[in-house]
Every structure is written in structure tokens, then in C-alpha cells.
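In: Structure for this input, please:
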Amino acid sequence: MKESKRGFIVKGWAPQVLILDHPATGGMVSHCGWNSILEGLNAGLPLITWPLFAEQFFNEKFLTDVVRIGVAVGVKEWREWGQEGTALVKREEVEKAVKLLMGVGEEAEDIRKRVGTLKDEAKKAVETEGSSYANLMDLINELRSFKMTKTVK
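Out: The predicted model follows:
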């Protein structure tokens, strides 16, 4: 980056959601944590999946095999938090995933189309009367009813 004078490094906190929403951002590498998946999905970005531990491997399978908006780099080794793995992801695997995700072929177009559809569905879910909105309101009302019954006694 120093030689090409392109790009920059952010030390500390970075405004990830703003970066993901930027029109120049065409994809995202994700460790497959649920918050990162939701942020990428809400930005309409296909994902390169790079799970590390815990449920992230299950989330990767969901992204690559079920909704098919992700491309795996080939991580096969599950490990405990803080534990270093022995298997390395080769640069050729990363290159292959980036080329597939950012490419012009039919598979890349299908991934982008699917993630665009899911982005639209996610936005509808949080609008008034959307499924997430309705579920949150149901939870709030249920919690309020507990408070009311507690104060009535």
C-alpha cells in the first residue's frame, strides 16, 4: 500500500457498516460470526467465508450451501477460542474465492442476485409490520405484561 499509495489502514475502531455500505465495496471476508453476516447481508454483499471456531462453521455451511451467498476459502480445522490452528489456508484458495466472488461468470452473478434478494427481504423484515418488527413488538408487549402483573400483586 505504501508503494502504490492506494488504500489505507485503520487502527482501532473502524466504521464497518459505513464501509460495507460504500458503493466501492463489492464483497466481504467474514469469520462467519452472526453479527458480521447480518451486516454484510444488509449491505447486500456476497461473502468469502473464513470461520475460526464455535458456531462459525455451521454459519459457513448455511451461507455456502443453503442460501448460497458465500464462497469458502477452505478452512477445515475447528479450534478453541485463542488456540492457534495448524492447518493454513493457502493463498491460492483465497485467490480462487475472490475471483469467483468478484468475477463476471454466471455463478458470481447468481450469488450477487441471491444476496440482493435477501437484502431486500431483510430490509422488509425490520420495517413496520415486518416479521422482525412484529417479533420485537411481541417481545416488548410480553415483557410489559410481566411488569404489569408484578405490580398488580
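
In: Point out where this protein drops to low pLDDT.
Out: 150-153 (pLDDT under 70).

In: where do the strands sit along this structure?
Out: For the chain, the strands identified by DSSP state E occupy 28-30, 47-49, 70-72, in order along the chain.

In: At the geometric centre of the protein, which residue do we find?
Out: I37 (1.7 Å; Cα atoms, centre = their mean).

In: thinking again about what came up before, can I get the strands of the chain in JSON lines with mean neighbour count and distance to L88?
Out: C-beta here means a position set from N, CA and C on the backbone, and glycine is covered the same way. Below are the strands of the chain laid out as JSON lines (neighbours: other Cβ atoms under 10 Å; distance: least, Cβ to Cβ, whole Å):
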{"stretch": "strand 28-30", "mean neighbour count": "20", "distance to L88": "16"}
{"stretch": "strand 47-49", "mean neighbour count": "24", "distance to L88": "16"}
{"stretch": "strand 70-72", "mean neighbour count": "24", "distance to L88": "15"}
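
In: In JSON lines: those, plus distance to V17.
Out: Shown next, in JSON lines, are the strands of the chain (distance: least, Cβ to Cβ, whole Å):
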{"stretch": "strand 28-30", "distance to V17": "11"}
{"stretch": "strand 47-49", "distance to V17": "15"}
{"stretch": "strand 70-72", "distance to V17": "19"}
